[in-house]
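Visitor: I need the structure of the sequence given here:
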Amino acid sequence: MKINFRHATVLGAVLILAGLTVFFIKAAVLEYPLAPGARAVLWDYELYLEFDGSNQPARIEAYIPAGDVERAFPREEFYNGSFGLSLTSEAQTRNRKAVWTYRYPADRKVLRYGAQTIGETLSTPLPLAFRESEPQITPFEADQVKRQAFIVWSGNLRQRSADDRSFADLAIKSTFDTRAENEQYADEVEALLGENSGTVGRLLLAQQLLQSQGVPARIAGGVYLTDDRRRMEARRWLEYHIDGEDFRYFPDGAPDRFFTIWYGPRPLVNAIGVDNLDVQIALRSRETARASIAENAPGRIGDFGRAFGFSSLPLTSQLVYQVLITIPVGIAILVFLRQFIGFKTLGTFMPVLIGIAFRETALLNGVILFSLLVALGLSLRFYLERLHLLLVPRLAVVLIFIVMVMAGITILMTGANQSIGLSISLFPMVILTMTIERMSIVWEESSAGEAIKQGLGSLAVAAITYLAMTNSHVEYLMYRFPELLLVLMGLCVLMGRYTGLRLSELWRFRALAS
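Guide: Just a heads-up that it's a prediction; the model follows:
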């Protein structure tokens, strides 16, 4: 007995733990919203290229969002016109390029690329492949003067730092700070920057300093997601990884949200054989459901979330399961009401089926119709008892009678311009028939009072389960997080081991207790 109790407890706990684990992964990692109607901002990104053809072979290369950043909604659209299009990738940087080519273009031409993104924040982790990459150790191999200047300057920074984190802070600060001509190591910095004294040149120098200490670092390029604009400026920043932590340095100030497009010091667009190239980056924000964004998360973690959901099913199947998935909630409530409260019902799961039927009629109308139809059906059932019919023919007669009564009520209510007449025709006939049969058996075997008590108990449980199963938050949670079925199953296992007194029994035997 103890072994069975322990086994049931462990099984229930394991089911609950498994369900909650998947639930927290989807809620915390994949950011599935916990309430229906949650909204998020989705950004439309467009790269617009306009140029004049010069009647010579043309080749336009443009970086498109890199393949190592896991983004939601990686929808892409290309407008190529008469140009040929090919997509290439760089194995080392994971960059992706769109390459448009044409033999002899003339006149004004337009090319476009569009994508969608929710963007990234400072807390967005850097890709694992970058964290584990082997940095370049020795820069400036071809130029001995620059190499010597680099060794002297980096040695001084290393001497003034305590670890890689402080070295990175010093390296970035000394690279981007303006130095006086007579300041220490000003000549070394000037020699290393040379003509590349702009933002990209300084980011490249900071990257080389970090890589010389074995720190993975790279230059990233993209746009800041700030507001809707037709002409956005491409921005550059530095990404590096130290002691298990990810860092980003933005020379123009850290944005709240940004969109990474490519890596490395090269420009976003490179064109050969065209004139008057005009590059435009446009952004537009729009609201969308957060749940849809979470369901479309790419990568393995996105596949994990979709494995515990219905988003891959056809729409018709999704709508069916949106209703079916709430039935276990009603069943778990029924188990609790029977095991701990002591409700008496007709049949085991009949109240839940009645609660499902109430979805077609609404609660108040359903209770009135249910009571009326059961009363009329019981009257016919007791009349048929005198004829000594067999079970199946008797049930058939009751079922036909229920259909006739439902049809009559529908016609009457429709004639009175009441919408309830349309919904009553969908009221499940078999549920009513079996309820009438079950109630008549209890009436005969026990008493009329017991039958009425079980009928009222069934109606009360049906009303409670209906309210739970039609609650928008319950419907949403069960549909978006079907792993909660494991939690309900575990709770039912644990409730199944309860053998104590019910609440109704405590009230019933209160005199003995005193």
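
Visitor: use CA for all of it now, contacts and neighbours both
Guide: OK.

Visitor: quick one: contacts for residue 167?
Guide: The contact partners of residue 167, by CA atoms under 8 Å, 6 or more residues apart in numbering, come to 157, 158, 160, 161, 210.

Visitor: got the phi and psi for the third one?
Guide: For residue 160, the backbone dihedrals are phi -90, psi 0 (criterion: degrees, to the nearest 10).

Visitor: so which strand or helix has the closest residue to it other than its chain neighbours?
Guide: The shortest distance from residue 160 to any non-neighbouring residue, by CA to CA, 6 or more residues apart in numbering, is to residue 167 (7.8 Å). Assigned by DSSP states H and E, residue 167 falls within helix 164-176.

Visitor: list the buried residues for that helix?
Guide: 164, 165, 167, 168, 169, 170, 171, 172, 174, 175, 176 (16 or more other CA atoms under 10 Å).

Visitor: could you do stretch 43-59 as well?
Guide: Those would be 43-53, 58-59, for stretch 43-59 by 16+ other CA under 10 Å.

Visitor: could you list the residues in contact with stretch 75-88?
Guide: If you take CA under 8 Å, 6+ apart as the criterion, stretch 75-88 is touched by 96-102, 110-116.

Visitor: in JSON lines, list those along with pLDDT and distance to residue 277.
Guide: Listed next are the contacts of stretch 75-88 as JSON lines, based on pLDDT from 0 to 100; distance: CA to CA, whole Å:
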{"residue": "96", "pLDDT": "89", "distance to residue 277": "21"}
{"residue": "97", "pLDDT": "90", "distance to residue 277": "18"}
{"residue": "98", "pLDDT": "91", "distance to residue 277": "16"}
{"residue": "99", "pLDDT": "93", "distance to residue 277": "15"}
{"residue": "100", "pLDDT": "92", "distance to residue 277": "14"}
{"residue": "101", "pLDDT": "92", "distance to residue 277": "15"}
{"residue": "102", "pLDDT": "89", "distance to residue 277": "15"}
{"residue": "110", "pLDDT": "89", "distance to residue 277": "10"}
{"residue": "111", "pLDDT": "91", "distance to residue 277": "11"}
{"residue": "112", "pLDDT": "91", "distance to residue 277": "13"}
{"residue": "113", "pLDDT": "91", "distance to residue 277": "15"}
{"residue": "114", "pLDDT": "89", "distance to residue 277": "18"}
{"residue": "115", "pLDDT": "86", "distance to residue 277": "21"}
{"residue": "116", "pLDDT": "83", "distance to residue 277": "24"}
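
Visitor: just the ones of the residues you listed in strands?
Guide: 96-102, 110-116 (DSSP state E).

Visitor: helix, strand, or coil at the residue most central in space within the chain?
Guide: Residue closest to the mean C-alpha point of the chain, counted by CA atoms, centre = their mean, is residue 294 at 2.4 Å. Residue 294 carries the three-state label helix when classified by DSSP: H, G, I helix; E, B strand; the rest coil.

Visitor: can you give me the end-to-end span of stretch 476-493?
Guide: End-to-end distance for stretch 476-493, by CA to CA, to the nearest Å: 24 Å.

Visitor: ok so, going back, how far does the helix holding residue 167 sit from the chain's center?
Guide: 38 Å (CA atoms, centre = their mean, to the nearest Å).

Visitor: just the pLDDT at residue 183, thanks.
Guide: We have a pLDDT of 58 for residue 183.

Visitor: over to residue 267?
Guide: For residue 267, the predicted pLDDT is 91.

Visitor: and for residue 242?
Guide: pLDDT, residue 242: 90.

Visitor: now do it against residue 251, distance only.
Guide: 19 Å.

Visitor: one step back: so which two of the ones in strands among the contacts of stretch 75-88 are the farthest from each other?
Guide: Largest separation among these by CA to CA: 102 and 116, giving 27.4 Å.

Visitor: identify the bridge partners of residue 236.
Guide: Assessed by DSSP bridges, residue 236 has beta-bridge partners residue 221.

Visitor: what of the one 4 residues further on?
Guide: Beta-bridge partners for residue 240, by DSSP bridges, are residue 217, residue 247.

Visitor: ok, it to residue 200 distance?
Guide: 16 Å.

Visitor: over to residue 129?
Guide: Taking CA to CA, one finds residue 129 at 23 Å from residue 200.

Visitor: for the stretch 401-514 of the chain, give me the ranges with low pLDDT.
Guide: 414-428, 505, 509-514 (pLDDT under 70).

Visitor: alpha carbons of the host helix or strand of residue 41, as PDB, please.
Guide: If you go by DSSP H and E, residue 41 is part of strand 39-53. What follows is strand 39-53, C-alpha atoms only, in PDB (Å, rounded to 0.1, in the frame of the first residue of the first chain):
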ATOM      1  CA  ARG A  39       1.300  42.800 -28.600                       C
ATOM      2  CA  ALA A  40       4.800  43.400 -29.800                       C
ATOM      3  CA  VAL A  41       6.500  45.700 -32.300                       C
ATOM      4  CA  LEU A  42       7.600  44.100 -35.500                       C
ATOM      5  CA  TRP A  43       9.900  46.100 -37.900                       C
ATOM      6  CA  ASP A  44       9.900  46.000 -41.700                       C
ATOM      7  CA  TYR A  45      13.400  46.600 -43.000                       C
ATOM      8  CA  GLU A  46      14.000  47.500 -46.700                       C
ATOM      9  CA  LEU A  47      17.200  48.100 -48.600                       C
ATOM     10  CA  TYR A  48      16.500  50.200 -51.600                       C
ATOM     11  CA  LEU A  49      19.200  50.600 -54.400                       C
ATOM     12  CA  GLU A  50      18.700  53.000 -57.200                       C
ATOM     13  CA  PHE A  51      21.400  53.700 -59.900                       C
ATOM     14  CA  ASP A  52      22.100  54.400 -63.500                       C
ATOM     15  CA  GLY A  53      23.300  51.700 -65.900                       C
END
